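> Pasting the sequence and the predicted model now:
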Amino acid sequence: MSLDVPLIDIHTHIGRLPGVVGEVFTADDLRYIAEREGARFMLASSATATTVSQATGTREVIAMTQQHGDRLGAMLWINPHDPDWRADVALAAEHGFHGIKIHPLLDHYAVEPRALDEVFAVARAHRWPILTHADHDGTPMSAAAYEPLIRTYPDVILILAHLRLEAIPLAKRHDNVFVDTTYVDPVRVELGVDALGPDKILFGSDACEGFDVGHPVGRPRPPRSYASLIAGLRERGISDAALEKILYRNASRMFGIA
């Protein structure tokens, strides 16, 4: 089913996913979703950065934008454990990347300034938003652990994925902090809209997982689509005006996507 509203998905992936050897999604898979379901644009990082190497993942998303740059935009997955991670920054800038993705859980580090200070400094220098996996509340990778970095870098946009409860007060207190809807129950999104307003929330999906990509996948997941995700938000009474901001306008402004 094609969409009846414009949509920018800020949180998607290509590459070799963790968990199952042989679980691979390609740029063609994302393009298939965009064309089949009617998404305007997707921002993607490569999970190969954590399962194989950051350099390999960076090359994958560069190739993705060279082939599909009209519909797919690149995010630089940075693993601060990788001693060569800085070499990818110049490549990302040269190829017009839109921002940085970090995943402390998969890359096995606690969220603290000594781990991420230089990553935030790079984001500031290039005016790149950072999208991070915020893990479950109360863990060393949770949303609350970012507050020292948020205070040190008030000019760096930080998007705390998965709309954890700990993220809500941070987004209320700090102008540079936002949340996304990736793998979030519609009830949680409704609570987020009530607490923060729609200007603080961006749409993410983790596509391709659960989406029809036109071929069998290595790890079947419960079926999803953009239309079904948006229908769930509408069922919670989220208005069309709020949805327009969440699905499109916030990301368009933040990432400079027309």
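Ah, there it is.

> burial of residue 103, as a residue count?
Other residues within reach of residue 103 by the criterion other C-beta atoms under 10 Å amount to 23. In this view, the C-beta of every residue, glycine as well, is placed from N, C-alpha and C.

> correction: residue 155
By other C-beta under 10 Å, the residues close to residue 155 number 10.

> OK, contacts around the residue nearest to it when sequence neighbours are not counted?
Nearest residue to residue 155, sequence neighbours excluded (C-beta to C-beta, 6 or more residues apart in numbering): residue 124, at 6.1 Å. Contacts for residue 124 were tallied using C-beta atoms under 8 Å, 6 or more residues apart in numbering; they are 153, 155, 156.

> Next: residue 3.
Counted by C-beta under 8 Å, 6+ apart, residue 3 has contacts 37, 38, 39, 226, 227, 230.

> Mind telling me what element the fifth one is part of?
Assigned by DSSP states H and E, residue 227 falls within helix 226-235.

> Toward the C-terminus, what is the element adjacent to that helix?
Downstream of helix 226-235, the first helix or strand assigned by DSSP H and E is helix 240-244.

> List the buried residues of the helix or strand following that next one.
Sequence order places helix 250-255 as the next helix or strand after helix 240-244, per DSSP H and E. Within helix 250-255, the residues that count as buried by 16 or more other C-beta atoms under 10 Å are 250, 251, 252, 254, 255.

> For residue 89, state which of these is nearest.
residue 255 (17.7 Å; C-beta to C-beta).

> I figured that closest one hits residue 97, correct?
No - under the contact definition of C-beta atoms under 8 Å, residue 255 does not touch residue 97, with a separation of 10.3 Å.

> Going by distance to residue 73, which of the contacts of residue 124 wins?
For the contacts of residue 124, the nearest to residue 73 is residue 156 (18.8 Å; C-beta to C-beta).

> List the contacts of residue 165.
Residue 165 is in contact with residue 137, counting by C-beta under 8 Å, 6+ apart.

> Distance to residue 74 and pLDDT added to the buried residues of helix 250-255, as a markdown table?
Conversion of the buried residues of helix 250-255 to a markdown table gives the following (distance: C-beta to C-beta, whole Å; pLDDT from 0 to 100):
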| residue | distance to residue 74 | pLDDT |
| --- | --- | --- |
| 250 | 19 | 98 |
| 251 | 15 | 98 |
| 252 | 17 | 98 |
| 254 | 15 | 98 |
| 255 | 11 | 98 |
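
> Save these as CSV, and put in distance to residue 145 too.
Conversion of the buried residues of helix 250-255 to CSV gives the following (distance: C-beta to C-beta, whole Å):
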residue, distance to residue 145
250, 24
251, 25
252, 29
254, 23
255, 25
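
> The residue nearest to residue 155 should be in a helix, yeah?
Yes - counting by DSSP: H, G, I helix; E, B strand; the rest coil, residue 124 is part of a helix.

> Would you indicate which residues of the helix or strand containing residue 29 are buried?
Element membership for residue 29 (DSSP H and E) is helix 27-37. By neighbour count with 16+ other C-beta under 10 Å, helix 27-37 contains the buried residues 27, 29, 30, 31, 32, 33, 34, 36, 37.

> can I get the residues you listed in a markdown table with pLDDT?
Shown next, in a markdown table, are these (pLDDT from 0 to 100):
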| residue | pLDDT |
| --- | --- |
| 27 | 98 |
| 29 | 98 |
| 30 | 98 |
| 31 | 98 |
| 32 | 98 |
| 33 | 97 |
| 34 | 96 |
| 36 | 95 |
| 37 | 95 |
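
> In terms of pLDDT, where does residue 1 sit?
Residue 1 is assigned a pLDDT of 64 by the prediction.

> no, scratch that, I was asking about residue 23
Reported pLDDT for residue 23: 89.

> Let's verify the residue nearest to it when sequence neighbours are not counted: helix, strand, or coil?
Distances taken as C-beta to C-beta, 6+ apart put residue 218 closest to residue 23, at 3.9 Å, once the chain neighbours are dropped. State at residue 218, reduced to three classes by three-state DSSP: coil.
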